Each structure stands twice: as structure tokens, then as C-alpha cells.
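Pasting a predicted model and its sequence here:
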Amino acid sequence: MPEEMQQTLQATWKRIQEKLPETRFNFDFWQQCKPRRSTYPACRAVIAAGSQGAAFTETMILAIQEAYYLYAQNPSDNKTLIQLAGNIGLDEQQFSEALETPAIHRLLEEEIESSRSMGVRSFPALILQQGTGFWPIPVDYLNVGPILETLDMVLD
């Protein structure tokens, strides 16, 4: 990951902490890990976890977020993801094998294409589907007003 992007992300973390003081980040990540600009391994990990049971999907998402933001572990590393899988009760061998299968890669590509078809260009995103149309909803973590106003406008 380019140094400029690393600085931008660290500044974003600091802004979030200023706006939401209860939110914590472990800035050691930027010194202890080799940041890479790929979320694909973590996304595949969520899909692979879900293949061992739907309940593991959300559990893996939380484990990845905590590893990255709180424990300075790199979710772009398969080694980290396999360790997290074991921590949440998955069969590590099965998870490790699933992580790189063509089927998991294909499912991720399908999810990416689905997001693109809804007009999603960044994350997090909130999209309302109404019939065959998709409406982006602005996300404001401190004020629900803009979300509700957009929903009222779209649903009227």
C-alpha cells in the first residue's frame, strides 16, 4: 500500500475517533504489519466461514474487524485469517482449503458484480431496493435524519 494511502487511512481513523470517542483503533497496525490494499482475502474468508455454517459469517466479520482495528493483525494475510477461523470455532483445515478454491473466488466475484449492479462504489453502503430500482441512502453515523429524509423521499 502506498505511503500516501496509509497516511490517509490513519487520518481517517483519527477523525472517526474524534467524532465517535468510544471507537478505538490500534495504530500499531501501521508499524507492525505490511499494509496491503486488498480486502479480497478477508472477503473470501467471510464466504469460506459461511460455508461451514451461516452463523459463522457474522462471527468472522467481527473477528476480522477486531483483528485489524484493535489487535494490529493483517486481514490480508491468509495466516491471520486461518488463525481467526480457529478462534471462532471453524475447522481450520477445511477453512484453509476453502479460502483459495475457485468456488469461493467465484462467489466473491458474484457478490462484487451484484454490488456494482446496485451502483455501489464504496463501502460501507446503504442501498434501498424498490422493485428493480436501487437507491443509495446517505450514511451518517451521528444523525439518522439524512437517512430518514432520503427514505421518506424515495418511498413517497
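Okay, I see it.

any idea how the protein splits into domains?
Domain segmentation of the chain under automatic domain parsing yields 3-117, 121-156.

averaging pLDDT over each of these, which comes out lowest?
The minimum mean pLDDT among the domains of the chain belongs to domain 121-156 (a mean of 88).

dump the residue contacts of residue 48.
Applying C-beta atoms under 8 Å, 6 or more residues apart in numbering, we find residue 48 in contact with 85, 95, 98-99, 104. Yep, even glycine has a C-beta here, placed from its N, CA and C like the rest.

where do the strands sit along the chain?
Here the chain has its strands, by DSSP state E, at 126-130, 133-137.

Can you tell me which of those strands is most buried?
Scoring these by mean neighbour count under mean count of other C-beta atoms under 10 Å gives strand 133-137 as the most buried, with a mean of 14.

by contact count, what packs against that one?
Judged by 3 or more C-beta pairs under 8 Å, 6 or more residues apart in numbering; DSSP states H and E, strand 133-137 is in contact with strand 126-130, helix 145-155.

rewinding a little: which of the domains of the chain has the highest mean neighbour count?
Counting by mean count of other C-beta under 10 Å, domain 3-117 has the highest mean neighbour count of these, with a mean of 15.

Now do that one: distance from first to last residue.
End-to-end distance of domain 3-117 (C-alpha to C-alpha, to the nearest Å): 32 Å.

and what of stretch 31-51?
Across stretch 31-51, the terminal residues are separated by 34 Å (C-alpha to C-alpha).

centre of the chain versus it, how much separation?
9 Å (C-alpha atoms, centre = their mean, to the nearest Å).

what's the answer for stretch 65-81, then?
12 Å.

send the alpha carbons of it over as CSV?
Taking Å, rounded to 0.1, in the frame of the first residue of the first chain, the C-alpha atoms of stretch 65-81 are listed here in CSV:
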residue,chain,number,x,y,z
GLN,A,65,-12.6,-6.2,12.1
GLU,A,66,-11.3,-6.7,15.7
ALA,A,67,-8.1,-8.3,14.3
TYR,A,68,-7.5,-5.3,12.0
TYR,A,69,-8.7,-2.3,14.1
LEU,A,70,-7.9,-3.5,17.6
TYR,A,71,-5.2,-6.1,17.6
ALA,A,72,-2.9,-4.9,14.7
GLN,A,73,-3.3,-8.1,12.7
ASN,A,74,-3.4,-8.1,9.0
PRO,A,75,-6.6,-9.5,7.5
SER,A,76,-4.9,-9.6,4.1
ASP,A,77,-2.7,-12.4,5.3
ASN,A,78,-4.2,-16.0,5.0
LYS,A,79,-2.2,-16.9,8.1
THR,A,80,-4.2,-14.3,10.1
LEU,A,81,-7.5,-15.4,8.6
